[in-house]
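> Pasted the sequence and its predicted model underneath.
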Amino acid sequence: MIGERIDLFIQTRLKIPPEKSIGLRNRLFTTYGTTLRGLVEEYGIDRAEYLKFVHDVPVEQILQPDPALRELLLRTRAKKIVFTNADRRYATRVIISLGLDGCFSQLIDIIDIWPACKPQPEAFTKALALSGEQDSTKLILFDDTPANLVTAASLGFNTVLVGSKPRPAGIHAVIGDIHDFPSVLPNGKS
């Protein structure tokens with residue numbers, strides 16, 4: 001749904017026909033890490049306008065609470081941080097819709113790391129500084145986007161691919177589902 005909103009934004013705001021908007025979105029995403037950054041860099045688009053438009057999707061009607069994940073997260077003593085290329089408002093809506101409010105100690109969003117974004121190394125460096133942790137080797141990044149994990153691994157983060165995508169070289173572990181995250185925690189600790 002967000003992809004459709006991004007295409008609609010590009011079509012209406014830049015007056016680009018539908019058959020060309022997907023190609024532009026893909027090019028901007030590939031070149032800049034997010035379509036937003038590409039639109040800001042190449043077209044001077046206002047971040048707040050874009051984020052408000054593209055995140056105007058009914059997550060509250062789509063996502064359901066996940067009590068099992070909530071229990072796993074609350075049982076895990078380690079500090080848990082959400083690090084996202086979305087904005088804080090949208091990420092908070094997702095967290096609440098999943099019933100995971102109160103499970104995370106921090107949320108680092110696209111505005112916090114601007115002008116960088118995942119998978120750029122600068123985004124991880126900023127996120128690391130914001131987390132208060134000095135040593136990336138003490139952190140585990142769980143992500144479903146291989147490019148984000150490759151960058152994080154190159155910076156010393158422990159990395160876990162979530163999902164069934166092929167495992168790139170350098171990624172430390174793969175889990176099929178986020179509910180399996182305790183299985184890859186150091187020494188089986190939660």
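Yep, that arrived.
> Can you show me the strands along this protein?
With DSSP state E as the criterion, the chain has strands at 81-83, 106-108, 140-143, 158-162, 173-175.
> mind listing what the closest residue to residue 45 other than its chain neighbours touches?
Take residue 45 and drop its neighbours on the chain: the residue closest to it by CB to CB, 6 or more residues apart in numbering is residue 39, 4.0 Å away. To be clear about C-beta, it is placed using only N, CA and C from the backbone, and glycine gets the same treatment. Residues near residue 39 by CB atoms under 8 Å, 6 or more residues apart in numbering: 10, 28, 45, 50.
> packing partners for the helix of greatest length in the chain?
Under DSSP state H, the helix in the chain containing the largest number of residues is helix 18-32. On a contact count with 3 or more CB pairs under 8 Å, 6 or more residues apart in numbering; DSSP states H and E, helix 18-32 meets helix 2-13, helix 35-43.
> could you give the mean pLDDT of the last one?
Model confidence over helix 35-43 averages 95 on the pLDDT scale.
> How much space separates the residue nearest to the spatial centre of the chain from residue 68?
Taking CA atoms, centre = their mean, the centroid of the chain lies closest to residue 84, which sits 3.2 Å from it. Noted for residue 84: a distance of 22 Å to residue 68, by CB to CB, to the nearest Å.
> now swap in residue 148 and tell me
Distance from residue 148 to residue 68, by CB to CB: 25 Å.
> Compare those two (neighbour count), which wins?
residue 148 (23 against 9; other CB atoms under 10 Å).
> what residues are up against the more buried one?
By CB under 8 Å, 6+ apart, the contact list for residue 148 reads 118, 119, 141.
> Just the buried subset of those residues, please.
Listed as buried from the contacts of residue 148 are 118, 119, 141; burial here means 16 or more other CB atoms under 10 Å.
> Quick check: the residue nearest to the first one when sequence neighbours are not counted vs residue 52, distance?
For residue 118, ignoring the flanking residues on the chain, the nearest one in space by CB to CB, 6+ apart is residue 148 at 4.5 Å. For residue 148, the distance to residue 52 (CB to CB) stands at 24 Å.
> go on, residue 178?
From residue 178 to residue 52 the distance is 28 Å (CB to CB).
> do the same with residue 129
27 Å.
> Spit out the contact partners of residue 102.
Residue 102 touches residue 74, counting by CB under 8 Å, 6+ apart.
> wait, residue 38
27, 28, 29, 31, 32.
> hang on, the earlier thing: so the longest helix of the chain versus helix 35-43, what angle?
If you take axes from the mean of the first three to the mean of the last three CA atoms, to 10 degrees, helix 18-32 sits at 100 degrees to helix 35-43.
> Just the buried residues of helix 18-32, please?
Applying 16+ other CB under 10 Å to helix 18-32 flags 21, 24, 25, 28, 29, 32 as buried.
> how about the spatially closest residue to residue 96 that is not a sequence neighbour, what does it touch?
Closest residue to residue 96 apart from its sequence neighbours, by CB to CB, 6+ apart: residue 60 at 7.9 Å. Counting by CB under 8 Å, 6+ apart, residue 60 touches 93, 96, 97.
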